[in-house]
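Student: any chance you can model this:
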Amino acid sequence: MTNKKNTFLLLFSGSIGFVLTILFLDFKNIGFTNTDWINSYDLKSDFLALKFFLDDKWRFPIGFNPNYGDIPNSIVFSGAVPIFSFISKIFKDYLPYNFHFFQVWILICFTLQFFFSFKIIYFFTRDYKFSALSAIFFTLSPILIYRMNVHLSLGAHWLILASFFLDLDKKKGFLFYKKTFLIVLSSLVHFYFTIILIIMQIFFSFFDYLKNKNFRFFIIENFSI
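Tutor: Numbers count the residues shown, from 1 in each chain. Purely as a prediction, here's the structure:
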């Protein structure tokens with residue numbers, strides 16, 4: 001795909017993501033301070049973890065959240081999407097009371113789920129209509145919907161799809177750096193995804209080794225990541 005087509009696809013994916021976010025939350029719940037829809041135990045726990053983190057000063061290690069719970073804790077062990085928690089804390093003095101970014105995260109998950117699933121299907125079919133229809137099935141995955149109802153950070157299934165697409169589209173170059181960036185990014189979302197992506201990396205690189213018989217590159221690549 002050309003850059004122009006990729007941009008259009010991202011905008012189209014964002015439109016799909018926006019519609020699904022409204023359907024998922026209800027339009028009345030779209031807002032940075034609306035907490036009426038945060039009603040499950042896990043979502044409340046994530047919201048409280050974010051509140052304590054934002055109300056506290058910066059500590060080392062970054063993410064340390066000692067005021068939340070009896071045991072010294074960290075924002076990375078909650079479902080409050082660490083990378084967004086860090087960004088929010090930078091601007092905490094300008095944020096409204098009861099601020100949260102959860103609806104933005106849901107929008108991102110729906111958008112990128114559609115985007116990367118479309119890219120994967122299009123890679124094999126070169127058919128825009130079929131790829132769009134297939135991507136909708138990916139985006140409406142019951143597992144994805146269920147996860148975002150319980151553990152928001154685990155809604156980032158698009159990280160796994162992105163990893164699959166990188167291994168398909170190897171001709172684009174800079175594959176090692178893109179994979180490394182994706183794995184680092186996953187560690188700022190949820191460590192489950194980090195473990196999954198590392199296992200995928202070893203798995204796919206092993207098949208490359210069987211083709212190229214370059215054991216030295218196989219070891220260096222995986223240990224570097």
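Student: every contact and neighbour count from this point should use C-alpha atoms.
Tutor: OK.
Student: right, and the helix or strand after the one helix or strand residue 133 maps to?
Tutor: Using DSSP states H and E, residue 133 maps to helix 128-139. Moving toward the C-terminus from helix 128-139, the next helix or strand (DSSP H and E) is helix 142-150.
Student: quick check: angle from that next one to helix 128-139?
Tutor: With axes from the mean of the first three to the mean of the last three C-alpha atoms, to 10 degrees applied, the angle from helix 142-150 to helix 128-139 works out at 50 degrees.
Student: for helix 142-150, buried residues please.
Tutor: Neighbour counts over helix 142-150 (16 or more other C-alpha atoms under 10 Å) mark 144, 145, 148, 149, 150 as buried.
Student: hmm, who's touching that helix?
Tutor: 40, 42, 43, 106, 154, 155, 157 (C-alpha atoms under 8 Å, 6 or more residues apart in numbering).
Student: dump these to a markdown table, plus pLDDT.
Tutor: As requested, those are arranged in a markdown table below (pLDDT from 0 to 100):
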| residue | pLDDT |
| --- | --- |
| 40 | 86 |
| 42 | 90 |
| 43 | 92 |
| 106 | 97 |
| 154 | 95 |
| 155 | 95 |
| 157 | 97 |
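Student: buried ones in the helix or strand encompassing residue 22?
Tutor: Counting by DSSP H and E, the element that carries residue 22 is helix 3-25. For helix 3-25, a neighbour-count test (16+ other C-alpha under 10 Å) marks 9, 10, 12, 13, 14, 16, 17, 18, 20, 21, 22, 24 as buried.
Student: other SSEs contacting the helix or strand just after that helix?
Tutor: Heading C-terminal from helix 3-25, the first helix or strand you meet, by DSSP H and E, is helix 41-55. Packing partners of helix 41-55 (3 or more C-alpha pairs under 8 Å, 6 or more residues apart in numbering; DSSP states H and E): helix 82-90, helix 142-150.
Student: would you turn those into a markdown table with distance to residue 2 and mean pLDDT?
Tutor: Output for the helices and strands packed on helix 41-55, formatted as a markdown table (distance: least, C-alpha to C-alpha, whole Å; pLDDT from 0 to 100):
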| stretch | distance to residue 2 | mean pLDDT |
| --- | --- | --- |
| helix 82-90 | 29 | 97 |
| helix 142-150 | 29 | 91 |
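Student: okay, these in TSV with distance to residue 65 next?
Tutor: Formatted as TSV, the helices and strands packed on helix 41-55 follow (distance: least, C-alpha to C-alpha, whole Å):
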stretch	distance to residue 65
helix 82-90	11
helix 142-150	21
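Student: so which of the ones you listed comes closest to residue 73?
Tutor: helix 82-90 (12.9 Å; C-alpha to C-alpha).
Student: which strands and helices sit next to that closest one?
Tutor: So helix 82-90, by 3+ C-alpha pairs under 8 Å, 6+ apart, packs with helix 41-55.
Student: how many degrees apart are the helix it packs on and helix 142-150 in direction?
Tutor: Orientation check (the same axes, to 10 degrees): helix 41-55 against helix 142-150 gives 50 degrees.
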